[in-house]
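A.B. asks: Need a 3D model of the following:
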Amino acid sequence: MKKLLFISAITLLSCNRKAPVAHPPVGGVLSQKDLDVSKERMRNLNTLERGQIQNWISGQPVKYYPTQLNYWVSVEGFDQRERRADNTPISYSYDLYDFDETKIYDKPFERRDARFGHFDELKAVENALRFMHDGEEVTLLVPSSLAYGTFGDEKNIDNDIPLIIKLKAL
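C.D. replies: Numbers count the residues shown, from 1 in each chain. Sure, this is the predicted structure:
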């Protein structure tokens, strides 16, 4: 009987624990100073990467043209073309390379019948697809801010890595 009473008392005490305390997410809320520091870092990084990309371009036999969205493309007057509207379907594929021209993934990324305005893609890829003709292939030179940014893709692409994207509208 004493054992049963002892076990009951321990069970009762263990059930009477306080609820766990909730903690804010890692990093919490950023102050205005933190946001300003982050903006300045991205501005400096973008300036540095643009310079590096322009140096890389100067050593290439192919000419690249800047776009309004801050990436380069291998077609002159590219973002002056007619733009595809939201909800129009498009199929496409692309390969990713670093600026040593090393392919990052063995298989290309591919999507069939994606609709503009309804798919989550790299900003430069979605923007370029809006100006591409069916069957066209273009090469994009993309600063990290329009690629995988400060976090990378958490697989093969580190943070703050500019990319070469070989894009095909299928």
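
A.B. asks: Helix, strand, or coil at Arg111?
C.D. replies: strand (DSSP: H, G, I helix; E, B strand; the rest coil).

A.B. asks: Nearest spatial neighbour of it, chain-adjacent residues omitted?
C.D. replies: Tyr92 (6.1 Å; C-beta to C-beta, 6 or more residues apart in numbering). In this view, the C-beta of every residue, glycine as well, is placed from N, C-alpha and C.

A.B. asks: what secondary structure does the one you found sit in?
C.D. replies: Under three-state DSSP, Tyr92 falls in the strand class.

A.B. asks: Check the one 3 residues further on too.
C.D. replies: Counting by three-state DSSP, the backbone at Asp95 sits in strand.

A.B. asks: Specify the beta-bridge partners of the residue nearest to Arg111.
C.D. replies: Arg111, Ala169 (DSSP bridges).

A.B. asks: Determine the number of other residues adjacent to it.
C.D. replies: For Tyr92, the count of nearby residues is 21 (other C-beta atoms under 10 Å).

A.B. asks: For it, report the pLDDT, please.
C.D. replies: The model reports Tyr92 with a pLDDT of 95.

A.B. asks: Let me know whether it touches Asp113 as I believe.
C.D. replies: No. Tyr92 is beyond contact range of Asp113, at 10.2 Å (criterion: C-beta atoms under 8 Å).

A.B. asks: I'd like the distance between Trp56 and Pro162.
C.D. replies: For Trp56, the distance to Pro162 (C-beta to C-beta, to the nearest Å) stands at 9 Å.

A.B. asks: just for this protein, where's the confidence low?
C.D. replies: Within the chain, the ranges that satisfy pLDDT under 70 run 1-30.

A.B. asks: Against Lys123, how distant is the residue positioned nearest the centre of the chain?
C.D. replies: Closest to where the C-alpha atoms of the chain average out (C-alpha atoms, centre = their mean) is Tyr148, at 3.0 Å. Note on Tyr148: its distance to Lys123, by C-beta to C-beta, is 11 Å.

A.B. asks: ditto for His133
C.D. replies: For His133, the distance to Lys123 equals 21 Å [C-beta to C-beta].

A.B. asks: swap in Asp79?
C.D. replies: Distance from Asp79 to Lys123, by C-beta to C-beta: 13 Å.

A.B. asks: same deal with Val75?
C.D. replies: The gap separating Val75 from Lys123 is 18 Å, by C-beta to C-beta.

A.B. asks: Looking at these two, which has the bigger crowd around it?
C.D. replies: Neighbour count, other C-beta under 10 Å: between Val75 and Lys123, Val75 has more, with 19 against 15.
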